[in-house]
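Colleague: no FASTA, just this:
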């Protein structure tokens, strides 16, 4: 009688890949929320307040992106 041994590696299976996808999705959502918050805060400042800190209104999106995602 032959016996079959099945070697299951759960670390490399479908479940692990789904968990990695969900973790990456959550991280992306958190970064997007940080970007949105930074953008809203800067956009809420008056032109005078922005000028005082050396920012032009057209640069807000770039500044928020660099702040959250890096250079």
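Modeller: Alright, I've got the coordinates. The structure displayed is predicted, hence computed values, not measured ones.
Colleague: the helices in this structure, which residues?
Modeller: Using DSSP state H, the helices assigned to the chain run over residues 14-43, 47-52, 60-69.
Colleague: What is the longest one packed up against?
Modeller: Here helix 14-43 is seen to pack against helix 60-69 when contacts are counted using 3 or more Cβ pairs under 8 Å, 6 or more residues apart in numbering; DSSP states H and E. C-betas here are computed from N, CA, C, even on glycine.
Colleague: any idea of the angle the helix it packs on forms with helix 14-43?
Modeller: 140 degrees (axes from the mean of the first three to the mean of the last three Cα atoms, to 10 degrees).
Colleague: Can you give the contact residues for helix 60-69?
Modeller: For helix 60-69, contacts defined as Cβ atoms under 8 Å, 6 or more residues apart in numbering pick out 31, 34, 35, 38, 39, 42, 43, 50, 55.
Colleague: if I pick the second one, what's in contact with it?
Modeller: So that's residue 34. Applying Cβ under 8 Å, 6+ apart, we find residue 34 in contact with 67, 68.
Colleague: Show me the shaky parts of this protein.
Modeller: 1-12, 71 (pLDDT under 70).
Colleague: Check the burial of residue 64 by counting its neighbours.
Modeller: Residues near residue 64, counting by other Cβ atoms under 10 Å, number 20.
Colleague: Which pair of the contacts of helix 60-69 spans the longest distance?
Modeller: Pairwise distances across these (Cβ to Cβ) peak at 23.6 Å, for the pair 31 and 50.
Colleague: Which one's more surrounded, those two?
Modeller: Neighbour comparison, residue 31 and residue 50: the larger count goes to residue 50, with 16 against 12 (by other Cβ under 10 Å).
Colleague: Roughly how far does residue 65 sit from residue 45?
Modeller: To residue 45, residue 65 is 17 Å away according to Cβ to Cβ, to the nearest Å.
Colleague: can you pull the buried residues of stretch 60-71?
Modeller: For stretch 60-71, a neighbour-count test (16 or more other Cβ atoms under 10 Å) marks 60, 64, 68 as buried.
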